[in-house]
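Asks: build me a model:
(chains A and B)
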Amino acid sequence: MVLIRAEGLVKTYRAGEVEVPAVKGVDFAIDSKSFVAFVGPSGSGKTTLLNMIGCLDRSTAGKLTVMDTDVGKLDRRAAADFRGRHIGFVFQDFNLIPVLTVYENIEYPLIMVQDWPESKRREQIARLLEAVGMSGQEKKRPDQISGGQKQRVAVARALATNAQLVLADEPTANLDHDTAYRIIELMKKMRDELGTTFIFSTHDPKIMSEAEVIFQLEDGRIHRQPLPQPQPKVALHA
Amino acid sequence: MLKVLKIAARNLARFGRRTLLTSVLITLGIVAVLLFVATTGSFKTIMIGQFTDSMLGHLQVHRKGYVASIDSLPLNLNMPPAMVAKVEDALKGNSAVEAWSPRVKFGAMFSNFTETTSVRVNGVDPAKEAATTPLLPGRLVGERKSGPLLRPGEILVPEVIARGLKVKVGDTVVLVATNLDGSVNGKTLVVGGIVQSATGPSGKDAYVDIEDARTLLRMKDAQVSEIAVRLKDPAQLDKEYAQLGRELSGVTNKEGKPALEVHTWADLSPFSSIVRMIDLLAVFIKVMLVSIVLISVMNVMMMAVYERIREIGTISAIGTPPRRILSLFLTEGLLLGVGGAALGTAISLVVIYALNIWKLSLKFGMQSSPVTLSPAVSVADVATIAGLVIVMSVLASLQPAWKASRMDPVRALGHV
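Replies: The predicted structure is shown next:
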């Protein structure tokens, strides 16, 4: 089942009088429950594509459908609502809220974005903490845990509202290789367990090889769209 | 909502020094305003009490036009007995009235048989006058005789005249006054006491028995120049002023127009200008407080938004509705205001309590003894000032909060 479909997608930024094309008419489709990587050098349009799929930005031309919704037509408020209901985000710099504990960071979207009752929240957070290997760390603040742990918490936060799609922009860029690999493995494990579609961007060849579908971007265009690779066996490293 | 409060409180704690500085500013502002309101309020109450309780009463009833010509104390604008009876009927039927004192006022020449000076004479019923202006007996200075405030045939001489003409209690003096028909009459009186001025160093108000005044003025009937009224509760002044005005509007002259007029103490005393000035100062200080709160909270919140742009981008990206982001920053402003207001109010109440224990005294005008202030603030004052600070804190946060809620998440996430 196709979760995301892009047709002739164009994004052009304007810097004063100068127009800077970031995405130059791309077409792609991503199935639900897939594990996808956008790869390419800096400035190739990876982040712009992720921003448009995540309803953070709107295309200049073309059509982008996410979960049967033409996201290009959503206004600011509707886009925020759509993100809150369907999409989770993982950022390169983790972007945890520094004044909240691990538990509260995961809880944040359940309170501020959706309105879950406390008992249901507690159950969900306990399940996610266990799943991302952060049980027992819930009272720590972000400055008391390592980068890898922060990204685990960020993954848990992205999944807290049972998002169908998680977008991760360079989620491993600030991690050492082992930790980066473990995060990718964790994301894949969560995909397997929850059926969530994960799309991440990277320029690390070792990390990109973990993806099941890879879109190679260069200069705002998808140059190579390899066929889905055989699904590797999931191996979770704690 | 509790979670928003918790997050807002932690965000404020994150920038502890800045939050503390702003809270201190708000606190000091509130302390300044509440102490000013408390001390000036006490000063006002005491001074108003001095004027009303020693001379003016809370209200005065005159014949129409009398107050406009009060400098010459016109005898032709006295109230005739029938009019006086109507006023007294109205006063008798009013439960808010504690006492009233009819007075005959006139200008006269005061002589000790060697020197002469002018004097304003108040012909009063001593018992009624003492009930209406209870501080009058306290204004008697020097040698005091026992018994009633004033006996028929006696005069209470103003201190300034007694000193100038070297008159003492027991001396015989003479008052000479022009009567209503233009003739002049004199009456010998015995000095029954020396009375301190209630209106300043040049105050020349003497007191005689009202019947002596009528005899001196050769009045054929019991005319009255004014009726001073004392209320049980001075706080009801405006209400009773309106009530009495309504009741006496039915007393008309030959043309069918109202024959009487009612005035409050403030209409008759120059001190009311000082009261207005104090009130104006209080407003000015409140405006300063509002400015302090507005500028400091706005500054803090603008800094908070600027320093947390990426964080705002993150919470926006994960789907936090703009109104939630707005409420988060408004709550931070609210907490700053509530914290400052609570601390400021608590400190102010402690200081006010301490001032009441240690007794703050100051000398004012001709008062022989210093005025001891009893600073106090009403619940309404505290609620108004604290409420003002809290509302201003939220308003000051509005622009930064609005900016945060409208932030483009892509730009915010890319902010370095």
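Asks: where do the strands sit along chain A?
Replies: A:2-15, A:18-31, A:35-39, A:61-66, A:69-70, A:87-90, A:165-169, A:197-202, A:213-218, A:221-224 (DSSP state E).
Asks: closest to chain B out of these?
Replies: strand A:87-90 (5.1 Å; Cβ to the nearest Cβ). Using the backbone N, CA and C atoms, a C-beta is placed for each residue, glycine as well.
Asks: packing partners for that closest one?
Replies: helix A:147-159, strand A:165-169 (3 or more Cβ pairs under 8 Å, 6 or more residues apart in numbering or on different chains; DSSP states H and E).
Asks: quickly find the element holding residue B:50.
Replies: helix B:16-51 (DSSP states H and E).
Asks: and stretch B:228-248, how far out from the chain middle?
Replies: 16 Å (Cα atoms, centre = their mean, to the nearest Å).
Asks: could you find the closest non-adjacent residue to the closest residue to chain A within the stretch 301-416 of chain B?
Replies: Using Cβ to the nearest Cβ, the closest approach of the stretch 301-416 of chain B to chain A is made by residue B:319 at 2.5 Å. Closest residue to residue B:319 apart from its sequence neighbours, by Cβ to Cβ, 6 or more residues apart in numbering or on different chains: residue A:84 at 2.5 Å.
Asks: that neighbour: neighbouring residues, count only.
Replies: Using other Cβ atoms under 10 Å in any protein chain shown, residue A:84 has 22 neighbouring residues.
Asks: just checking, it touches residue A:108?
Replies: No. In terms of Cβ atoms under 8 Å, residue A:84 does not count as a neighbour of residue A:108; the distance is 11.3 Å.
Asks: list residues touching both of the two?
Replies: Taking Cβ atoms under 8 Å, 6 or more residues apart in numbering or on different chains as the criterion, residue A:84 and residue A:108 both touch residue B:318.
Asks: who's in contact with the residue of the stretch 301-416 of chain B closest to chain A?
Replies: Applying Cβ under 8 Å, 6+ apart, the residues contacting residue B:319 are A:80-85, A:87, A:109, A:113, A:161.
Asks: what mean pLDDT does the next helix or strand after the helix holding residue B:50 have?
Replies: Using DSSP H and E, the next helix or strand after helix B:16-51 towards the C-terminus is strand B:59-63. Throughout strand B:59-63, pLDDT has a mean value of 93.
Asks: what's the angle between the helix or strand following strand B:59-63 and strand B:59-63?
Replies: Reading on from strand B:59-63 to the C-terminus, the next helix or strand found by DSSP H and E is helix B:81-92. Relative orientation of helix B:81-92 and strand B:59-63, computed by axes from the mean of the first three to the mean of the last three Cα atoms, to 10 degrees: 160 degrees.
Asks: helix/strand/coil for residue B:170?
Replies: What DSSP: H, G, I helix; E, B strand; the rest coil gives for residue B:170 is coil.
Asks: which residues touch it?
Replies: Neighbours of residue B:170 in contact, by Cβ under 8 Å, 6+ apart: B:190-191.
Asks: per-residue pLDDT of it, please?
Replies: You'll see residue B:170 listed with a pLDDT of 90.
Asks: quick revisit: quick one: pLDDT of the residue of the stretch 301-416 of chain B closest to chain A?
Replies: So, for residue B:319, pLDDT stands at 91.
Asks: and residue A:232, by the same measure?
Replies: 46.
Asks: residue B:298: how many residues sit nearby?
Replies: Count around residue B:298 with other Cβ under 10 Å applied: 19.
Asks: would it be right to say that it lies in a helix?
Replies: Yes. When three-state DSSP is applied, residue B:298 is found to be in a helix.
Asks: so it touches residue B:393, yeah?
Replies: No. Contact criterion Cβ under 8 Å: residue B:298 and residue B:393 do not qualify, at 9.3 Å.
Asks: can I take it that the residue of the stretch 301-416 of chain B closest to chain A is in a strand?
Replies: No. Counting by three-state DSSP, residue B:319 falls outside a strand, being coil.
Asks: on that earlier part again, and the helix holding residue B:50, what's buried?
Replies: B:18-19, B:22-23, B:25-44, B:46-48, B:50-51 (16 or more other Cβ atoms under 10 Å in any protein chain shown).
Asks: same check on stretch B:259-279?
Replies: Those would be B:259-266, B:268-269, B:271, B:275, B:278, for stretch B:259-279 by 16+ other Cβ under 10 Å.
Asks: can you list the residues of chain A near chain B?
Replies: A:51, A:54, A:56-57, A:76-77, A:80-85, A:87-89, A:91, A:93, A:95, A:97-100, A:108-109, A:111-113, A:157-158, A:161 (Cβ under 8 Å from any Cβ of the partner chain).
Asks: how many other residues sit next to the residue nearest to residue A:19 when sequence neighbours are not counted?
Replies: Leaving aside its sequence neighbours, residue A:19 sits nearest to residue A:12 (Cβ to Cβ, 6+ apart; 5.2 Å). Residue A:12 is flanked by 15 other residues according to other Cβ under 10 Å.
Asks: buried stuff in the longest helix along chain A?
Replies: In chain A, with assignment by DSSP state H, the single longest helix is helix A:177-194. Neighbour counts over helix A:177-194 (16+ other Cβ under 10 Å) mark A:179-191, A:194 as buried.
Asks: about what we covered before: beta partners for the residue nearest to residue A:19?
Replies: residue A:21 (DSSP bridges).
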